[in-house]
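S.K.: Sequence and predicted structure, then a few things I'm wondering about:
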Amino acid sequence: MSNVRLRDLCINLGGNAIIADLDLAVDEGEFLVLLGPSGCGKSTLLHSIAGLIDVTSGTVEIGGADMTFADPSERGIGMVFQSYALYPTMTVEKNMSFGLRIAGLPKAEIAQRVARAADMLHLDALLDRKPAQLSGGQRQRVAIGRALVRQAGVFLFDEPLSNLDAKLRAELRRELKLLHQTLRSTMIYVTHDQVEAMTLATRIVVMRAGKVQQIGAPADVYERPANLFVAGFLGSPSMNFIDGTLDAEGIFSGPVLDLDLGPAWRGHAAGRELVLGVRPEHIHIGDGGKLQGTVELVEPMGNHQIVWIAVGERKLSAIVNDTRAFTAGEPLSFAIDADRISLFDKASEQRLATS
Amino acid sequence: MSRKTHFSPARIGIYAFLISAALFFLLPLYVMLATSFKTMEEIRMGNIFALPLQMTLDPWREAWSGACTGLSCEGIRGGFWNSVAIAVPSTVIPILLGAINGYALSFWKPRGASVLFGILMVGAFIPIQVMIYPLVRILATFGLVGSLPGIVLVHLIFAMPVMTLLFRNYYASVPHELFQAARIDGGGFFRIFAYVMLPMSLPIIVVAAIMQVTGVWNDYILGLVFADSETQPMTVQLNNVINTTTGTRQYNVNMAATILTSLVPLAIYFISGRWFVRGIAAGAVKG
């Protein structure tokens, strides 16, 4: 187990600055998820930790040692790739033991480590097969096993579940979480899937265009997004954004709706152009609500339904956790949970704090 | 419905065309085979399409071990073994070096790789004939003209551009993550090549081997220029057998010698067909 520390990291590829002045500290035993849209530099960052991409400037420390210019094999890492990257001509057992055989470990030690990893990943029956004879999920298990046998201090995952179908993805996601609970090793995981980020991470790093937008526990990032980008990126359906201003009494008013935000907001940001962010689950549809709208569209999801409410020109999404029936065009009243809203400055897109 | 299409007019037309085309192209081979089993008396009767009346293996024996090539009369046997001695190293070495070149260019991307590759490609487009005289001078300087290593070296030089291109393009289709995984597993330049890349390269090695063996075996001009009478390949000896001007022209012996010379490339084409295009890389990536 080891920690990872990135200082002033800059990476230029083909003349473009992919990552500029990035600092990141990953603690021992942490499950850190790098989350962001494609092209945000998260994979580049992971590859630079692995030593597969040369950094332009800055340092990479793994386990307290400077590894900026170390060979990938010397960094004490194990890596799992999106495309599995199994050696096609080797059996599962040879795939997993390849690194150990190169390192010249004694045969008994190799056999014992492979057996242990195979046991953890339910691969015992498949050890003599070639990758072509395995299903996608089995292949990715082998790739995880190949990283496990190295008994590395840090495990790196580059979108490992993206090539799998939805059911397998959920299954392997749980196995990965269990694996982390058992091994307690440091894991850095790259994904563009917010569900994976929310379920797996102890901390999420949200990235955009090579810059870190927010670092925090999943609940924290979800509940208190640092800016409009993070707020819009996490959550499905995404957060509802409503333009408006705040007066001295803490009353938010805009072209779409007016809302009393309560005493906490009194005297804050009065007169500035703001954006109000509301999660769909914090819009409560019911007769007690002071706000009015009409049903635009209903998406039944089985265990919940998403109701799209037309309020003037704006459409707001609300999550309803019961089986009430809605019909399109039907008028309804709703309320917004003022304690759970987020406020952003429209110009800087940054979150406003209450006090 | 699919059963009926077997007898549709279009299909009959296609088969008729294919069969007549095959017959047309096979006719010279038939004439060669038939003539090679005839005695000279029969050949003088002039029925070149007739089957031999009296099968005789004497022309084959004569061609293999008795026909005169220039001054000596030992058949083309010697040339056969010379050709084997030239073709084997001229196939193995270029394939190995081409594979290493292609691997290095595709995965390690050394500085100036694209320039180097560009130069190699220019080499592939310059005709051999242009370079023969300078090459003779260079080899003469090192005393290699007329020696087996000399001919192999010349074949190696002319094979490098195509072999490198072949392997570079093949490795370009191998997912880069495979190489990265091997790097993390601690593989160095030659370890990754030998244990990961080379075992995956069987389909392209077969293609390269077919190209090299047939190319080297069928080569005439390099053998003519760079070999002496002791190291002449079979093609050069065949030419000497056929162009020997003393005595009568032994058409049956000439035919037999020609078939013997072309036997190796023919055998390779027949045997190798099923080795082409095999999904060796299947399973490396998402499937």
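M.R.: Perfect, I can see it now. For clarity, every value in this text was computed on a predicted model and none was experimentally measured.
S.K.: For the one residue sitting closest to the centre of chain B, which non-adjacent residue is closest in space?
M.R.: Nearest residue to the geometric centre of chain B (CA atoms, centre = their mean): residue B:214, 0.9 Å. Distances taken as CB to CB, 6 or more residues apart in numbering or on different chains put residue B:265 closest to residue B:214, at 4.3 Å, once the chain neighbours are dropped. Quick note: C-beta positions are derived from backbone N, CA and C, even for glycine.
S.K.: Show me what the helix or strand encompassing that neighbour is packed against.
M.R.: Using DSSP states H and E, the element containing residue B:265 is helix B:251-272. Helices and strands touching helix B:251-272, by 3 or more CB pairs under 8 Å, 6 or more residues apart in numbering or on different chains; DSSP states H and E, are helix B:9-36, helix B:40-44, helix B:58-65, helix B:77-103, helix B:202-218, helix B:234-243.
S.K.: Hey, what's the angle from the fifth one to helix B:77-103? Just curious.
M.R.: In other words, helix B:202-218. For helix B:202-218 against helix B:77-103, the angle by axes from the mean of the first three to the mean of the last three CA atoms, to 10 degrees is 140 degrees.
S.K.: Give the next helix or strand downstream of helix B:202-218.
M.R.: Once helix B:202-218 ends, the next helix or strand along the chain (criterion: DSSP H and E) is helix B:221-226.
S.K.: And that following helix, what's buried?
M.R.: For helix B:221-226, the neighbour count (16 or more other CB atoms under 10 Å in any protein chain shown) marks B:222-223, B:225-226 as buried.
S.K.: now stretch A:261-270
M.R.: Result for stretch A:261-270 [16+ other CB under 10 Å]: buried residues A:261, A:265-266, A:268.
S.K.: tell me the contacts of residue 90?
M.R.: In the absence of a named chain, this looks at chain A. A:98, A:130-131, B:199 (CB atoms under 8 Å, 6 or more residues apart in numbering or on different chains).
S.K.: Oops, wrong one, chain B.
M.R.: With contact set as CB under 8 Å, 6+ apart, residue B:90 has these partners: B:151-152, B:155-156, B:159, B:212, B:216.
S.K.: host element of residue A:137?
M.R.: Assigned by DSSP H and E, residue A:137 falls in helix A:136-148.
S.K.: Name the residues that touch that helix?
M.R.: A:78-81, A:84-86, A:92, A:95-96, A:98-99, A:114, A:117-118, A:120-123, A:126, A:131, A:134, A:155, A:160-161, A:163-165, A:168, A:171-172, A:175-176, A:179, A:183, B:181, B:185, B:283, B:286-287.
S.K.: repeat that with 6 Å
M.R.: The contact list for helix A:136-148 (CB atoms under 6 Å, 6 or more residues apart in numbering or on different chains) reads A:78, A:80, A:84, A:86, A:92, A:95-96, A:117, A:121, A:123, A:131, A:155, A:160, A:164, A:168.
S.K.: In strands, which of those residues appear?
M.R.: A:78, A:80, A:155 (DSSP state E).
S.K.: So what's the residue count around the last one?
M.R.: Counted with other CB atoms under 10 Å in any protein chain shown, the neighbours of residue A:155 add up to 23.
S.K.: List the contacts of it.
M.R.: So, once contact is read as CB under 6 Å, 6+ apart, residue A:155 ends up touching A:78, A:147, A:185, A:187.
S.K.: about what we covered before: need the buried residues of stretch A:261-270 in CSV (columns: distance to chain B and pLDDT).
M.R.: Formatted as CSV, these follow (distance: CB to the nearest CB, whole Å; pLDDT from 0 to 100):
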residue, distance to chain B, pLDDT
A:261, 49, 83
A:265, 50, 81
A:266, 55, 79
A:268, 50, 75
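S.K.: remind me which residues of chain B are low pLDDT?
M.R.: B:1-6, B:70-71, B:245-246, B:273-287 (pLDDT under 70).
S.K.: go with 80
M.R.: Along chain B, the model assigns pLDDT under 80 to residues B:1-7, B:66-74, B:124, B:244-248, B:269-287.
S.K.: Going by the annotation, which residue ranges form each domain of it?
M.R.: B:2-56, B:77-275 (automatic domain parsing).
S.K.: And these: which comes nearest residue A:210?
M.R.: Closest of the domains of chain B to residue A:210 is domain B:77-275, at 20.9 Å (criterion: CB to CB).
S.K.: could you point out the longest helix in chain A?
M.R.: As assigned by DSSP state H, the longest helix anywhere in chain A is helix A:166-183.
S.K.: quick one: that one to helix A:136-148, angle?
M.R.: Going by the same axes, to 10 degrees, helix A:166-183 makes 20 degrees with helix A:136-148.
S.K.: Show me what the helix or strand containing residue B:156 is packed up against.
M.R.: Residue B:156 belongs to helix B:148-172 when assigned by DSSP H and E. Other helices and strands packing on helix B:148-172, by 3 or more CB pairs under 6 Å, 6 or more residues apart in numbering or on different chains; DSSP states H and E, are helix B:77-103, helix B:113-125, helix B:202-218, helix B:221-226.
S.K.: export the ones you listed to a markdown table and tack on distance to residue B:63?
M.R.: Formatted as a markdown table, the helices and strands packed on helix B:148-172 follow (distance: least, CB to CB, whole Å):
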| stretch | distance to residue B:63 |
| --- | --- |
| helix B:77-103 | 9 |
| helix B:113-125 | 36 |
| helix B:202-218 | 17 |
| helix B:221-226 | 18 |
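S.K.: Out of the ones you listed, the one nearest residue B:176 is which?
M.R.: Using CB to CB, the helices and strands packed on helix B:148-172 put helix B:77-103 closest to residue B:176, at 12.5 Å.
S.K.: what's the burial count for residue 131?
M.R.: In the absence of a named chain, chain A is used. Neighbour tally, residue A:131, other CB under 10 Å: 25.
S.K.: my bad, the chain I had in mind was chain B
M.R.: Counted with other CB under 10 Å, residue B:131 comes out at 15.
S.K.: quick one, whichever strand or helix holds it and helix B:113-125 angle?
M.R.: If you go by DSSP H and E, residue B:131 is part of helix B:128-141. If you take the same axes, to 10 degrees, helix B:128-141 sits at 100 degrees to helix B:113-125.
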